[in-house]
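Engineer: have a look at this fold, sequence not included:
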């Protein structure tokens, strides 16, 4: 097996979060992707034939599809130099005590939010490619909620799994969805029974701990009729000098009158390409909310979407992008109104600093049948220095009668008046700017669970240190 | 500020040297039209306004494009696009604001408003911002909506027929653009266009 030489970046991120635990993988495969490796992945997971065939078909689709002709430069990605599967622990841990000490130490150093410590039983921690820790909370069991790894769901809930898997994001959707479909490993499966309300957020942590390792987790969520739940995923990673690829796929089915919120705090290290496909199918009178915080990664391309397919469906997207040090945050949202009386809202805020680039790319589509539909989009960008840049690329296609669509976008720097006021109250310039940035993103931060809001504010403070003033 | 009335069809590639209001009044009879206006700001201190006004005929199809390129400092531009759409009319608007690295102290704003009067209309709007400088103020807004049923009901309850009420509200919609224009010459041209 080829050995990747690992070298830590000399970046401030390292002092704050960057650290690498020794690699200790039970099972991993060689670099590159081939039908043999796909079959090995499938064998190692003891998958049914249909899944193996699906993976192999997806591999063909992946190989036949070109790279996207638009968006950030992805030419540096060499798919032959990625290791497609690593498994840290040979069996999925069933209790916190069984979780390897290195993994616990990693989470300690990450400053895992209090919520996780209190409700460990409801946490799934993904470390490298496979779920390392999983313990279902007793109350979830009582409610009949299924919250497990995708592998476990495939084995134990095969019918339900097959009914929904890859029906919303087929492998032919895009090149990276095809890659994920071929090589997926890990991720969460969630099923909320009808009229069940899950009070505590379902939480999941994802980690990458090996250079040149792609992580292709797959998440499948079904919120049955009249149910409600909140799923939270947070990401942070050690620092390596060689790039890694994270190409996840998330499918969410929100059945009639259900309500689902999917929150992501993404803080990959500065060498990772984060190329994610997220999509929700929203049925009659159901509500889907995406809350997305993108801080890390070398390049992020992420456009969560809502397909509002039945009357009265509502989709919402709240996002923050923070781009620093030549990072590219190419994020946005898509709202497809495919039925009458549907509505949607997109609020996207971005901060560009120290040479960072943040782009908003979004689509609002109102089909001919989607009469009386409404959509509102707000994009606000802060650009904090002359080396940074920001762009918005919205697209609105409106055919439905009586449709109402509003789009607003603005770009500005921090107002001198506000800075002056805060500095006149005794703050230095850096503190004042940090406070103003916190105020700028506050409408979205307040939608996060408290622990995550605290963590996000702390991350912003740390990222701003030394960048201004 | 001088006023320049641009042709209702074709490409206009312009580099304004003085403060100018560029006006495009879309042909109300035409079934298919295409207008593109590029304003490249290379002279410091120049301030411009670009106004598209259009009452799109039934079954008509339009492609509109505006590109504001700010390449030097202290320039400003307002882009206003006001359209009303009759039955089965289609419009595809692309509006870009690009502010370059050297274009400090730039202000550029874009407003696109589309009023749907008829049925089975199609409206596509792509207002793009590309900003490579922090000493700027830039924004765009786009909206597409129908006449308010509440407003129509009120006017009809005062004795107006539906057609008359719709006409009145359309006039009010276009009057908003007149408020943003200082030039009396331009106002006169727009009023004459709307009176047709």
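Structural biologist: Cool, got the structure. Worth saying up front: this structure is predicted, and the values here are computed from it rather than measured.

Engineer: now do the SS call for residue A:452.
Structural biologist: Under DSSP: H, G, I helix; E, B strand; the rest coil, residue A:452 falls in the helix class.

Engineer: grab the nearest non-local neighbour of it.
Structural biologist: In this structure, residue A:452 finds its nearest non-sequential neighbour in residue A:265, 5.5 Å apart by Cβ to Cβ, 6 or more residues apart in numbering or on different chains. In this view, the C-beta of every residue, glycine as well, is placed from N, C-alpha and C.

Engineer: for the residue nearest the centre of chain B, list each beta-bridge partner.
Structural biologist: In chain B, the residue lying closest to the centroid (Cα atoms, centre = their mean) is residue B:81, at 1.3 Å. Beta-bridge partners for residue B:81, by DSSP bridges, are residue B:52, residue B:112.

Engineer: quick check: it touching residue B:115?
Structural biologist: No - look at residue B:81 against residue B:115 with Cβ atoms under 8 Å: they stay out of range, at 11.6 Å.

Engineer: what touches both of the two?
Structural biologist: The contact sets of residue B:81 and residue B:115 do not overlap (Cβ atoms under 8 Å, 6 or more residues apart in numbering or on different chains).

Engineer: who are the contact partners of the residue nearest to residue A:452?
Structural biologist: Residue A:265 sits next to A:232-235, A:293, A:295, A:448, A:452, A:455-456 when contact means Cβ under 8 Å, 6+ apart.

Engineer: filter those residues down to the ones in strands?
Structural biologist: The strands, defined by DSSP state E, take in A:232-235, A:293 from those.

Engineer: check the gap between whichever residue of the stretch 101-250 of chain A sits closest to chain B and residue A:73 for me.
Structural biologist: For the stretch 101-250 of chain A and chain B, the shortest gap (Cβ to the nearest Cβ) falls at residue A:174, measuring 20.7 Å. Separation of residue A:174 from residue A:73 (Cβ to Cβ, to the nearest Å): 17 Å.

Engineer: that's a helix at residue A:58, yeah?
Structural biologist: Yes - counting by three-state DSSP, residue A:58 is found in a helix.

Engineer: ok, it touching residue A:181?
Structural biologist: Yes - judged on Cβ under 8 Å, residue A:58 makes contact with residue A:181 at a distance of 3.5 Å.

Engineer: possible to save the ones in strands among the contacts of residue A:265 as JSON lines with distance to chain B and pLDDT?
Structural biologist: Shown next, in JSON lines, are these (distance: Cβ to the nearest Cβ, whole Å; pLDDT from 0 to 100):
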{"residue": "A:232", "distance to chain B": "31", "pLDDT": "87"}
{"residue": "A:233", "distance to chain B": "30", "pLDDT": "83"}
{"residue": "A:234", "distance to chain B": "30", "pLDDT": "70"}
{"residue": "A:235", "distance to chain B": "28", "pLDDT": "54"}
{"residue": "A:293", "distance to chain B": "22", "pLDDT": "88"}
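
Engineer: chain A contacts on chain B?
Structural biologist: With Cβ under 8 Å from any Cβ of the partner chain as the criterion, chain B comes near chain A at residues B:101, B:104, B:116, B:119-146.

Engineer: show the pLDDT at the residue of the stretch 1-150 of chain A found nearest chain B.
Structural biologist: Chain B sits closest to residue A:70 of the stretch 1-150 of chain A, with a gap of 12.7 Å, by Cβ to the nearest Cβ. In this model, residue A:70 is scored at 90, pLDDT.

Engineer: ditto for residue A:222
Structural biologist: Among the per-residue scores, residue A:222 holds a pLDDT of 97.

Engineer: let me know the distance separating the residue nearest to the centre of chain B from residue A:246.
Structural biologist: From residue B:81 across to residue A:246, the span is 40 Å (Cβ to Cβ).

Engineer: for residue A:352, same thing?
Structural biologist: 22 Å.

Engineer: which one of these two has more residues nearby?
Structural biologist: Regarding residue A:352 and residue A:246, a neighbour count based on other Cβ atoms under 10 Å in any protein chain shown identifies residue A:352 as having more, with 28 against 24.

Engineer: quick check, that one in a strand?
Structural biologist: Yes - checked against three-state DSSP, residue A:352 lies within a strand.

Engineer: show me what contacts the closest residue to it other than its chain neighbours?
Structural biologist: Using Cβ to Cβ, 6+ apart and skipping the chain neighbours, the partner closest in space to residue A:352 is residue A:388 (3.7 Å). Residues in contact with residue A:388, defined by Cβ under 8 Å, 6+ apart, are A:323, A:352-357, B:134.

Engineer: can you pull the pLDDT of residue A:388?
Structural biologist: At residue A:388, the model reports a pLDDT of 92.

Engineer: and what of the one 3 residues further on?
Structural biologist: In this model, residue A:391 is scored at 93, pLDDT.

Engineer: quick one, what contacts it?
Structural biologist: Neighbour list for residue A:391: A:357-360, B:128-131 [criterion: Cβ under 8 Å, 6+ apart].

Engineer: and if you look at residue A:52?
Structural biologist: By Cβ under 8 Å, 6+ apart, the neighbours of residue A:52 are A:38-39, A:42.

Engineer: run the last query once more with 10 Å
Structural biologist: By Cβ atoms under 10 Å, 6 or more residues apart in numbering or on different chains, residue A:52 lies in contact with A:38-39, A:41-43, A:45.

Engineer: out of the residues you listed, which are inside helices?
Structural biologist: Within the contacts of residue A:52, residues falling in helices by DSSP state H are A:38-39, A:41-43.

Engineer: now the residue of chain B found nearest chain A. Nearest residue, chain neighbours left out?
Structural biologist: Distances between chain B and chain A by Cβ to the nearest Cβ are smallest at residue B:139, namely 3.8 Å. Leaving out its chain neighbours, the residue that sits closest to residue B:139 by Cβ to Cβ, 6+ apart is residue A:410, at 3.8 Å.

Engineer: would you agree the one you found is in contact with residue A:377?
Structural biologist: No - using Cβ atoms under 10 Å as the test, residue A:410 is too far from residue A:377 to be in contact (12.0 Å).

Engineer: more crowded one of these two?
Structural biologist: For residue A:410 versus residue A:377, neighbours defined as other Cβ under 10 Å are more numerous around residue A:377 (27 against 17).

Engineer: what's the spacing between the more buried one and chain B?
Structural biologist: According to Cβ to the nearest Cβ, to the nearest Å, residue A:377 and chain B sit 9 Å apart.

Engineer: residues contacting that residue?
Structural biologist: Residue A:377 sits next to A:317, A:332-333, A:335, A:344-348, A:360, A:362-364, A:392, A:394, A:396, A:405-409, B:141-142 when contact means Cβ under 10 Å, 6+ apart.

Engineer: how many other residues sit next to the nearest residue to residue B:61 once chain neighbours are set aside?
Structural biologist: Spatial nearest neighbour of residue B:61, excluding adjacent residues (Cβ to Cβ, 6+ apart): residue B:90 at 4.5 Å. Residue B:90 has 18 neighbouring residues, counting by other Cβ under 10 Å.

Engineer: over to residue A:74?
Structural biologist: By other Cβ under 10 Å, 15 other residues sit near residue A:74.

Engineer: what's near enough to touch it?
Structural biologist: Residues near residue A:74 by Cβ under 10 Å, 6+ apart: A:67-68, A:175-176, A:245, A:273, A:275, A:299, A:301.

Engineer: any idea which helix or strand carries it?
Structural biologist: According to DSSP states H and E, residue A:74 maps onto no helix or strand at all.

Engineer: ok, the residue of the stretch 1-150 of chain A closest to chain B - contacts?
Structural biologist: Counting by Cβ under 10 Å, 6+ apart, residue A:70 touches A:301, A:330, A:361, A:393.

Engineer: near chain B, list only the ones from those.
Structural biologist: Among the contacts of residue A:70, proximity to chain B is found for residue A:393 (Cβ under 10 Å from any Cβ of the partner chain).

Engineer: so which of the contacts of residue A:70 belong to strands?
Structural biologist: Within these, residues falling in strands by DSSP E are A:301, A:330, A:361, A:393.
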